[in-house]
Structures are given as C-alpha cells and as structure tokens.
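K.L.:
Next come a sequence and a model predicted from it.
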Amino acid sequence: MNKTILMTATIFGLLAIMLGAFGAHGLEKVIDRDSIQSFETGVRYQMYHALFLLFLGIWDGLDSKPRKLVFRLVWIGTVLFSFSIYLLALNELTSFDFRKIGFVTPIGGSILIVGWALLSYYILTRKLDK
C-alpha cells in the first residue's frame, strides 16, 4: 500500500465530487450548456483516475519504480487534462483567454494513455505466482 498514491487518489476524488456539484448547481446560470458538459467531462475523467490511483495504491503487483512512474504519469495527465478542461469551460467568465493554452488538454490525455498503457505492459510482463 502506498500512502502518497492513496492520498492523491482521495484528494482527486474529493475535488471531483466538489467540482461536480459546483458544475451541476453553481454554473448553470453563468455558462452555456456546452461549457457545462465540457466541465462535467473534466470531472468524470478526474474521478476515473482517482479510482485508478486507488487501485494502484493498494495493488501489490508492482515494484516501487514502475508504480511511481505510472503514478506520476496519471497525476500529471489528470492535472493537465481535467484542470485545463475546467479552465476552458470557465473561459467566458475570465479576462484571460484560456483557449491559448488549449493545447494542454490533448497532451494531458496522451499522458494518461501512456500511464494506462504502461500499467498494461507491466501487468502483461509480470511473472504470475502460482
């Protein structure tokens, strides 16, 4: 069990619940429906990856180095992907044009894909105990 990964998972999960409630109840009168749907996409993927990290934190099937690498990829990918979506969805409420940093979203998504692929690789190449 890895305390850092588990704490990150719980913080991501807590923030996803809070941001989801904010998106559902606090944004409906200030941004359009498409922006709310984008915001909800960020929340959904953040929660998916909070659950991913919970699994990673309790699963004892990985050595420390590969676990840290997957954790870092998922952490960075989630922050870049979900949080850039939040900023883009709230763009009309700010004076800064967050579309200028919109390229960050697919980078975060690509990093998440690499994290999942790497975990798959580690699972496939792991020697099973019989």
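P.N.:
That came through fine.
K.L.:
Next up, the contacts around residue 88.
P.N.:
For residue 88, the contact set (C-beta atoms under 8 Å, 6 or more residues apart in numbering) comprises 38, 98-99, 102, 105. Placement of C-beta: from N, CA and C, glycine included.
K.L.:
Check residue 6 too.
P.N.:
Shown in contact with residue 6 (C-beta under 8 Å, 6+ apart): 53-54, 57-58.
K.L.:
Can you list the buried residues in the helix or strand harbouring residue 38?
P.N.:
Taking DSSP states H and E as the criterion, residue 38 maps to helix 33-58. For helix 33-58, burial by neighbour count (16 or more other C-beta atoms under 10 Å) applies to 35-36, 38-43, 45-50, 52-54, 56-57.
K.L.:
low pLDDT regions in the chain?
P.N.:
128-130 (pLDDT under 70).
K.L.:
in the protein, which residue is closest to the centre?
P.N.:
Centrality entry for the chain: nearest residue to the mean C-alpha point is residue 78, 2.7 Å, by C-alpha atoms, centre = their mean.
K.L.:
Hmm, that residue is touching residue 45, no?
P.N.:
Yes: the pair residue 78 / residue 45 is scored as a contact, 7.2 Å apart, by C-beta atoms under 8 Å.
K.L.:
Could you name every residue contacting both of those two?
P.N.:
With C-beta under 8 Å, 6+ apart as the test, residue 78 and residue 45 both reach residue 112.
K.L.:
now the helices for this protein?
P.N.:
In the chain, the helices defined using DSSP state H lie at 3-25, 33-58, 64-89, 104-125.
K.L.:
quick check: angle from the helix holding residue 38 to helix 64-89?
P.N.:
Orientation check (axes from the mean of the first three to the mean of the last three C-alpha atoms, to 10 degrees): helix 33-58 against helix 64-89 gives 170 degrees.
K.L.:
what packs against helix 33-58?
P.N.:
Under the contact criterion of 3 or more C-beta pairs under 8 Å, 6 or more residues apart in numbering; DSSP states H and E, helix 33-58 touches helix 3-25, helix 64-89, helix 104-125.
K.L.:
Would you format those helices as JSON lines with distance to residue 31 included?
P.N.:
What follows is these, written out as JSON lines (distance: least, C-beta to C-beta, whole Å):
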{"stretch": "helix 3-25", "distance to residue 31": "9"}
{"stretch": "helix 64-89", "distance to residue 31": "7"}
{"stretch": "helix 104-125", "distance to residue 31": "17"}
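K.L.:
Great, nothing more from me.
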